[in-house]
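A.B. asks: I would like the atomic coordinates for the input below:
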Amino acid sequence: MRAHRADDRGSAPVELVILAVVSFLFIAMIVFTGRLNMGSAATEAAARSAARSISVSRDPAAAVAQAEEAAASTVNLGSPMCTSMTFSPEITAAAVTVTVACEVDLSEATLLRVPGSMTVTSTAQEVIDRYRETTQ
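C.D. replies: As a prediction, this is how the structure comes out:
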């Protein structure tokens, strides 16, 4: 017969609890990183698209409203990926610079002591197309 050591009894439930906590923290970190990455990618795509659409339009100043609507659609404004958005275009004679900032909701990952939301910002610049068709 084998003799059982008394100090090994009950170690399986303790290991299970420790592994469950570590697994939960790992999943929460994946949610945090994924949400932040998706929000950042959408913000960057929105800035690039808006800058490009303003730079190729006949009247860049008039195209700002359409570009802002397209950017809001790209970042899926109102979703956890972008709960609120700021859109700031800068149009000069040579280039268009668009800055888009989104507030990403991170409330699912609050057990990791991260803030409830984080702002991601992206800036894109496009040269004004000199050879576009104009009304002049």
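A.B. asks: Helix or strand next in line after the helix or strand where Val14 lies, which one?
C.D. replies: Assigned by DSSP states H and E, Val14 belongs to helix 11-55. Using DSSP H and E, the helix or strand that follows helix 11-55 towards the C-terminus is helix 64-74.
A.B. asks: how far out from the middle of the chain is that following helix?
C.D. replies: Distance, stretch centre to chain centre, for helix 64-74: 16 Å (C-alpha atoms, centre = their mean, to the nearest Å).
A.B. asks: Can you point out the buried residues in it?
C.D. replies: 64, 67-68, 71-72, 74 (16 or more other C-beta atoms under 10 Å). C-betas here are computed from N, CA, C, even on glycine.
A.B. asks: Report the angle between the next helix or strand after that helix and helix 11-55.
C.D. replies: Using DSSP H and E, the helix or strand that follows helix 64-74 in sequence is strand 84-91. Angle, strand 84-91 to helix 11-55, by axes from the mean of the first three to the mean of the last three C-alpha atoms, to 10 degrees: 30 degrees.
A.B. asks: what lines up beside whatever helix or strand comes next after strand 84-91 in the sheet?
C.D. replies: Going down the chain from strand 84-91, the next helix or strand is strand 95-105, by DSSP H and E. As defined by DSSP bridges, the strand partners of strand 95-105 come to strand 84-91 (antiparallel), strand 117-127 (antiparallel).
A.B. asks: can you put these in CSV and add mean neighbour count?
C.D. replies: Output for the strands paired with strand 95-105, formatted as CSV (neighbours: other C-beta atoms under 10 Å):
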stretch, mean neighbour count
strand 84-91, 16
strand 117-127, 16
